Every structure is written in structure tokens, then in C-alpha cells.
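1. sequence and predicted structure below; questions after.
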Amino acid sequence: MRIATWNVNSITARLPRLLAWLESSGTDVLCLQEAKVAEDQFPIEPLRELGYEAAVHATGRWNGVAVLSRVGIEDVVKGLPGDPGYDGAVEPRALSATCGPVRVWSVYVPNGREVGHPHYVYKLEWFEALRAAVAGDAQGSRPFAVLGDYNVAPTDDDVFDASAFEGSTHVTPAERAALTALREAGLADVVPRPLKYDQPFTYWDYRQLAFPKNRGMRIDLVYGNAPFAQAVKDAYVDREERKGKGASDHAPVVVDLDV
């Protein structure tokens, strides 16, 4: 079984690439982030023609998550239980579903903006709500994983230059402690292999030639419970999908399971 996660940074802008990638990659389940489209505008029909069902949680211009599956979708839950919300609104950042033998969450963790900003506080509160929401499945016997854009680099090795991020979000001790709390709840970081260079970066800014210079970050993560992690046969970053015109600034992370 092949499961992947991909921040597409607008499914409307990325649709031709997404459809071509689904056809070529043989992915069974794909967790999407930053759909940036209302649910009634989500491209259900083109995906159905390829054999995929879609569960979508999105409201329009920003955020939005989805799970695409060609092995069935059941028990869909939209939203994060206990979501703290931001500025009086609960944003569409989480969706969970059972796809065949595996249960998955697609998550788009808040960015945080700046250390000390209210959005940074929201990010940490959101992580705590996530930890509480997934604790039961993390300890369960069914393969289970939380996939998506976590907006945190787990270690200094997961950014191209740690000094470039000093004082910034994505690398702070508090954010990394939130990842530690997820691991302590029973999830393991499924670290993919890079297809080029030494580090499996998943995100490269559009600016300053970041991609050709490999000035990237590993912030798109797969955290799986013990049955999921034990079933992993391979995991890699499909760096080729970051190349060329019209690419997202994120690359898909692909995991092959023996389930």
C-alpha cells in the first residue's frame, strides 16, 4: 500500500500536476494540505475518473485539507476535536479517515508567523489539541498515522542552515517539544530518504533560488504508531515534483507499507 502527503499550495493551480502524479506514482492514499478552495469547488470528478474518492474539509481561499483514496474512505471526521481556533474562527486544518486497513489524519499545522505572536501561541495550543485527539489511535493495534505539513523542522539537521532560522518559528524548542509530545503519545517519525543530496527536505521557498541551491526544510512529516511504523517498507521525498513550471513549494512524501 502506498500512502503519501503533499502540501499542494492550491489544488486549483496544481490540478494538472496532481492528476499526472497520481497516475504515475501508484499512490493509494494521498493526504493533501492547503487546498485553498471551497468544498463545493473541489475537483471531485477528475479524481473520480482516476478511481479516487475524496474527503474534503475546506472553506475557501486559505487552508483546507483532504484525503484522496482508491481503497475506500470511511469514518470521516472533519476538524480537530478541541481546536482552539484563532481570532474567533476555527480553521479547516485537520481531517481523519479510514482508508482500507489504515487510519490517517491529514493536518496543516498553523504557521505561527513570529515567535510570541498570537498565532504562535495558537500553533502550540493546536499541537496540544492534536496530541490529545490522536492519543487513542496512537496506542491502538490498527496502523495509524498523522501526515501533513507540520510547519516544524524536528532537528537542526532538517534545515539547510540552522543559523538562518535563529529567532524564527519552525525551529523553536517549544515547537519541537510539541513533536516530542506526539512521539511520547506513541507516534514515531517516519523519516524518508532523499532522492538527491543528503537531507530529505520537503519544502523550498520560491524565492532566492532556494530549490536549485537546496536551501530547504523538512517540515512535511509522517508520524505513525507502532503497527504503521513496523509496516513501512520504504519512504522517500519525491523531489522531482518540486521541479519545473507550476510546482508547489512542497514535494510529496511517499511511504510504502506492507499491510
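-> Here it is on my side, so go on.
2. so Gly85 touches Arg93, yeah?
-> No. Contact criterion Cβ atoms under 8 Å: Gly85 and Arg93 do not qualify, at 10.4 Å. C-beta coordinates here come from the backbone N, C-alpha and C atoms, glycine included.
3. between these two, which one's more packed in?
-> For Gly85 versus Arg93, neighbours defined as other Cβ atoms under 10 Å are more numerous around Arg93 (24 against 13).
4. any idea how far that one is from Tyr150?
-> 11 Å (Cβ to Cβ, to the nearest Å).
5. report the set of residues contacting both of the two.
-> 107, 109 (Cβ atoms under 8 Å, 6 or more residues apart in numbering).
6. mind giving me the packing neighbours of the longest helix belonging to the chain?
-> The longest helix of the chain (DSSP state H) is helix 118-138. Where contact means 3 or more Cβ pairs under 8 Å, 6 or more residues apart in numbering; DSSP states H and E, helix 118-138 is packed against strand 102-108, strand 144-149, helix 173-184.
7. off-centre distance for the longest one?
-> How far helix 173-184 lies from its chain's middle: 16 Å, per Cα atoms, centre = their mean, to the nearest Å.
8. mean confidence score for the helix or strand following it?
-> Downstream of helix 173-184, the next assigned helix or strand under DSSP states H and E is strand 188-189. Strand 188-189 shows a mean pLDDT of 98.
9. neighbouring strands of strand 188-189 in the sheet, and parallel or not?
-> strand 220-224 (antiparallel) (DSSP bridges).
10. and the helix or strand hosting Asp256, what's buried?
-> According to DSSP H and E, Asp256 maps onto strand 253-257. Buried residues in strand 253-257, counted by 16 or more other Cβ atoms under 10 Å: 253-257.
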